[in-house]
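Asker: pasting a predicted model and its sequence here:
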Amino acid sequence: MMRALSTAPMMDWSDRHCRYFFRQLTRHAPVYTEMVVTGALLHGDAARHLAFHALEHPVALQLGGSDPQELARCARLGERWGYDEINLNCGCPSGRVQRGAFGACLMGEPQRVADCVKAMQDAVGVPVTVKHRLGIDAVEAYDFVRRFVETLARAGCRIFIVHARNAILRGLSPKENREIPPLKYDYVYRLKREFSELTIVLNGGVRSWGEIQAHLQHVDGVMLGRAAYHDPYLLAQVDRRLYGDLHPPRTREEVVRTMHAYCVEEVGRGTPLRAIVRHMLGLYHGVPHARAWRRRLSDSRRLAANDPGLLLEAIGPGLPLAEGTAFA
């Protein structure tokens, strides 16, 4: 799987409808699921969490858990459902995750994480990767994350996605944890220098093509989260810029018409229209009349009618179909 640029796992955002929408903009950038906890797969409706559209490939399943055997079973389920990669979450700082003793908490137990990675790798043939922070709470020393990566590498992990901030486990919300702890990109660069044989992907705070290109001078890939969600049309440039695909990018109107057909199918299966179009509000970000697009797609009366035709009406009079992007 090529990893020059990928989209991040985002709780409540990167569901299957969001990932299908992203795939209309880039053929090549890997997309990641929301974190799925092991208990939801082993004791709940696994199909609801694992089902995805064939066009989403390459697609990775992110798991949350701390028991090696349970993670191995869930990794096997993910492989059986057709995921191209299984990713272990060692970076989420939310209270719910902490109560379950996984996510960012696991950075304090590198050997446990190594055991989890080994069990998952023994269970599946697809890559097992880890997404993590630089440290937890007041631990600021580079040696902390270095030991973490070194321990997992000895267990066989070859691909690390590094959110370039600490996780503050007490006193900050998940949103504040994405904004307040300082970014330390130099730590991520240093990991790549010291572990040149590993694949190191940088995540956190990246908002422009200039930043992406600068980071790619030091690491193997960049992962975009909210920047891609709020300005998704930036993904239309990814294939040409980073993956050598010379196909012309799809226009916004072409994307909307494809998503209309998708909505017709999904609504016919019982999916609320709102669940799909909420991911598309940023499609016209940075171009004239973007506010009109968002307003039309947020009309509660029209959404309640569950009519996919709303999408086609939303690109009607008053909304220029300019194909520029503010992401530069």
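Answerer: Ah, there it is.
Asker: C-alpha from now on. contacts and neighbour counts both.
Answerer: Fine.
Asker: the stretch 51-200 of the chain: strands as residue ranges?
Answerer: With DSSP state E, counting those that start in this stretch as the criterion, the stretch 51-200 of the chain has strands at 59-64, 85-90, 128-132, 135-136, 159-163, 166-167, 199-203.
Asker: ranking those by burial, who's on top?
Answerer: Most buried of the strands of the stretch 51-200 of the chain, by mean neighbour count (mean count of other CA atoms under 10 Å): strand 166-167, with a mean of 28.
Asker: show me the shaky parts of the stretch 51-200 of the chain.
Answerer: Low-confidence segments of the stretch 51-200 of the chain (pLDDT under 70): 95-101.
Asker: Leu5 contacts Val238, correct?
Answerer: Yes - using CA atoms under 8 Å, Leu5 makes contact with Val238 at a distance of 7.4 Å.
Asker: what's the overlap in contacts for those two?
Answerer: Common neighbours of Leu5 and Val238, using CA atoms under 8 Å, 6 or more residues apart in numbering, are Ala29.
Asker: higher neighbour count, the two?
Answerer: Using other CA atoms under 10 Å as the criterion, Leu5 and Val238 rank with Leu5 on top: 25 against 22.
Asker: so what sits opposite the more buried one in the bridge?
Answerer: Beta bridges link Leu5 to Val222, judged by DSSP bridges.
Asker: who's in contact with Trp293?
Answerer: 281, 284, 314-315, 319.
Asker: I'd assumed Asp186 was in contact with Lys192.
Answerer: No - in terms of CA under 8 Å, Lys192 does not count as a neighbour of Asp186; the distance is 9.9 Å.
Asker: neighbour count: those two, which is higher?
Answerer: Lys192 (19 against 12).
Asker: what separation is there between the more buried one and Ser6?
Answerer: Per CA to CA, to the nearest Å, Lys192 is found 18 Å from Ser6.
Asker: again, but for Ala167
Answerer: Ala167 is 22 Å from Ser6, by CA to CA.
Asker: put the alpha carbons of the host helix or strand of Ala261 into PDB.
Answerer: Assigned by DSSP states H and E, Ala261 belongs to helix 252-268. These are the backbone C-alpha positions of helix 252-268, laid out as PDB (Å, rounded to 0.1, in the frame of the first residue of the first chain):
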ATOM      1  CA  ARG A 252     -16.900  18.900  -7.900                       C
ATOM      2  CA  GLU A 253     -20.000  18.500 -10.000                       C
ATOM      3  CA  GLU A 254     -18.900  15.000 -11.100                       C
ATOM      4  CA  VAL A 255     -18.300  14.100  -7.400                       C
ATOM      5  CA  VAL A 256     -21.800  15.400  -6.500                       C
ATOM      6  CA  ARG A 257     -23.400  13.400  -9.300                       C
ATOM      7  CA  THR A 258     -21.600  10.200  -8.200                       C
ATOM      8  CA  MET A 259     -22.600  10.800  -4.600                       C
ATOM      9  CA  HIS A 260     -26.200  11.300  -5.700                       C
ATOM     10  CA  ALA A 261     -26.300   7.900  -7.300                       C
ATOM     11  CA  TYR A 262     -24.700   6.500  -4.100                       C
ATOM     12  CA  CYS A 263     -27.400   8.200  -2.000                       C
ATOM     13  CA  VAL A 264     -30.200   6.800  -4.100                       C
ATOM     14  CA  GLU A 265     -28.800   3.300  -3.400                       C
ATOM     15  CA  GLU A 266     -28.200   3.900   0.300                       C
ATOM     16  CA  VAL A 267     -31.500   5.600   1.000                       C
ATOM     17  CA  GLY A 268     -33.200   2.700  -0.700                       C
END
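Asker: what residues are up against Thr38?
Answerer: Contacts for Thr38 (CA under 8 Å, 6+ apart) come out as 63-65, 70-71, 74.
Asker: and what of Arg269?
Answerer: No contacts exist for Arg269 under CA under 8 Å, 6+ apart.
Asker: what do you get for Leu191?
Answerer: Leu191 sits next to 146, 200 when contact means CA under 8 Å, 6+ apart.
Asker: out of the strands of the stretch 51-200 of the chain, which is closest to Thr271?
Answerer: Closest approach to Thr271 among these (CA to CA): strand 59-64, 21.4 Å.
Asker: and the spatially most central residue of the chain, what are its phi and psi?
Answerer: Central residue of the chain (CA atoms, centre = their mean): Ala8, 1.8 Å from the mean position. Dihedral pair for Ala8: phi -80, psi 160, per degrees, to the nearest 10.
Asker: distance of the residue lying closest to it once chain neighbours are set aside relative to Gln24?
Answerer: The spatial neighbour of Ala8 that comes closest, neighbours along the chain excluded (CA to CA, 6 or more residues apart in numbering), is Gly225 at 4.7 Å. Counting by CA to CA, the gap from Gly225 to Gln24 is 17 Å.
Asker: perfect, that will be all.
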